[in-house]
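In: Predicted structure and sequence below. I'll ask about it afterward.
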There are 2 protein chains.
Amino acid sequence: MSSPASTSSSPTAIVLLSGGLDSATTLAVARRDGFACRTLAIDYGQRHRHELTAAEYVSKCLGSLQHTTLTLDLRVFGGSALTDNIAVPKNRSAAQMSSDIPITYVPARNLVFLSLATAMAEVHHASRVYIGVNAVDYSGYPDCRPEFIRSFAHTAGLATRIGVQGEPVQIITPLLHLSKAQIITLGTDLGVDFSLTHSCYDPIIRNSRTLACGSCDSCILRRDGFAAANLPDPTPYATST
Amino acid sequence: MSSPASTSSSPTAIVLLSGGLDSATTLAVARRDGFACRTLAIDYGQRHRHELTAAEYVSKCLGSLQHTTLTLDLRVFGGSALTDNIAVPKNRSAAQMSSDIPITYVPARNLVFLSLATAMAEVHHASRVYIGVNAVDYSGYPDCRPEFIRSFAHTAGLATRIGVQGEPVQIITPLLHLSKAQIITLGTDLGVDFSLTHSCYDPIIRNSRTLACGSCDSCILRRDGFAAANLPDPTPYATST
């Protein structure tokens, strides 16, 4: 996974990067689309902090102009298993995952993250914000739905200097209608090294290695995705299938 | 400025508090409307940091349930005189203030702040977010316009668990169409002690006292507002008129 570095003559995009496979693929798509990319990761107090390191690696390997980690301690609000000491659900079926909004949902997270990316876009005169939201395997998160993204783009246009001046930032969601298997295939075709990415909500440290738990919603979607894509899964799982 | 403390049986509102006179009046309105209030101030790296202390005082004096200061270092983005080492404009006329978007505009600030307040509302099951935006004396900020507020409320409904479940948070803007003089009169009627509030973008410390510069856009609007309301201005200015 190495791309030529962005040049300053290319148009600029902001890419939200979590360290997971969806956002890594999204960055690869933005690079393929010809954008010089500035990547943004949010340190919101998530328990799975290894993803912040992964985001930095992924950004560098895909030739971004700059990577920014912004600190925003959402723990002061609480209310999610991703930030609080609440058990992460395990071994749920696909039907269970899509039947409700899970406890791993962080209140209004994509609304907050897209707002921050829009602010960064305004500062850097970027015309696009890329985000790897997905409406297929979205695990019941309301802020991954297409109607939210459309509405946000309209609101962002009204909120910003660039929007008022006639060039509202565009919100690009290249993965919106892809299955996890399709995302993995696309990323592989674009040269993403998925061994650098992390998806697990509840990783285990063993002998100084970070292992994926293999049984949270995110691990299950990832593992099933590699199987459906018929591609080898490079993830080090703590438990075998 | 003292109100009876909120009780847990009242419906809850989140109130964005900056420490200035607009947001203090907004909190007083939310209290008058019968809400138990949780106030939210954002430490975004602003140079005028005295406003964070002011926000805490104002929250306590108006009987809020809780005050939260959230750290979000927007300096990593840059691009505003309120966070960067850029000179704050001085002695501008009303016509100059409304003719363009000033350098004191913080990119997408209200979009980011309302998103954070929406997240807090979701966690605390609050049905309202109050914000003291104003479309009259708004100094050319795009994110103080009514069309932005309406669009944001729609987007927030789509982004959140409470919105999906049929009770989207409402964004309340009691000052939207008031002049600064009308805001000062309203706040005075509701018992706000404006001597606790700070508006200056570029305060001066003299003999351990924080003095307002008297000549930035915010000071000019404040001073003219007290004069038009025919009420005494309790602000300690560094310069006399």
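Out: Perfect, I can see it now. Residues are numbered from 1 along each chain as shown, chains lettered A, B, ... in the order given.

In: Is the lengthiest strand in chain A in proximity to chain B?
Out: Secondary structure of chain A per DSSP state E: the longest strand is strand A:36-43. No: under the criterion of C-beta under 8 Å from any C-beta of the partner chain, chain B is not reached by strand A:36-43; the shortest gap measures 9.3 Å. All C-beta atoms are positioned from the backbone trio N, CA, C, and that covers glycine.

In: What helices and strands are in contact with that strand?
Out: For strand A:36-43, the packing partners by 3 or more C-beta pairs under 8 Å, 6 or more residues apart in numbering or on different chains; DSSP states H and E come out as strand A:12-16, helix A:21-32, helix A:50-61, strand A:66-71, helix A:109-123.

In: low-scoring stretches of chain A, by residue?
Out: A:1-8, A:47, A:78-90, A:94-106, A:137-140, A:163, A:240-241 (pLDDT under 70).

In: One more pass at 80, please.
Out: For chain A, the stretches with pLDDT under 80 are A:1-9, A:45-49, A:74-107, A:135-144, A:160-167, A:239-241.

In: Show me where it has its strands.
Out: For chain A, the strands defined by DSSP E cover A:12-16, A:36-43, A:66-71, A:128-130, A:170-172, A:204-206, A:209-211.

In: Throw those into a markdown table and include distance to residue B:147 and mean neighbour count, thanks.
Out: Output for the strands of chain A, formatted as a markdown table (distance: least, C-beta to C-beta, whole Å; neighbours: other C-beta atoms under 10 Å in any protein chain shown):
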| stretch | distance to residue B:147 | mean neighbour count |
| --- | --- | --- |
| strand A:12-16 | 24 | 26 |
| strand A:36-43 | 27 | 24 |
| strand A:66-71 | 28 | 16 |
| strand A:128-130 | 21 | 24 |
| strand A:170-172 | 18 | 19 |
| strand A:204-206 | 49 | 12 |
| strand A:209-211 | 46 | 15 |
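
In: out of those, nearest to residue B:40?
Out: Residue B:40 lies closest, by C-beta to C-beta, to one member of the strands of chain A: strand A:66-71, at 17.0 Å.

In: partners of that closest one in the sheet?
Out: Here strand A:66-71 is paired, per DSSP bridges, with strand A:36-43 (parallel).

In: So which bits of stretch A:196-203 are buried?
Out: A:196, A:197, A:198, A:199, A:200, A:201, A:202, A:203 (16 or more other C-beta atoms under 10 Å in any protein chain shown).

In: For the fourth one, list the residues it contacts.
Out: So that's residue A:199. Residues near residue A:199 by C-beta atoms under 8 Å, 6 or more residues apart in numbering or on different chains: A:20, A:21, A:212, A:218, A:219, A:221, A:222, A:235.

In: Please flag which of these sit within helices.
Out: A:21, A:218, A:219, A:221, A:222 (DSSP state H).

In: Surely the third one and residue A:212 touch.
Out: Yes: A contact is recorded between residue A:219 and residue A:212 when judged using C-beta atoms under 8 Å, the distance being 5.1 Å.

In: Give the residues shared as contacts by these two.
Out: By C-beta under 8 Å, 6+ apart, residue A:219 and residue A:212 have these common neighbours: A:199, A:200, A:235, A:237.

In: Distance of residue A:114 relative to chain B?
Out: To chain B, residue A:114 is 8 Å away according to C-beta to the nearest C-beta, to the nearest Å.

In: ugh, typo on my part, it should be residue A:111
Out: Applying C-beta to the nearest C-beta to residue A:111 and chain B gives a distance of 4 Å.

In: can you name the farthest residue from the center of chain A?
Out: Centroid-distance maximum for chain A: residue A:165 at 29.5 Å, with C-alpha atoms, centre = their mean.

In: how many neighbours does residue A:230 have?
Out: Using other C-beta atoms under 10 Å in any protein chain shown, residue A:230 has 9 other residues around it.
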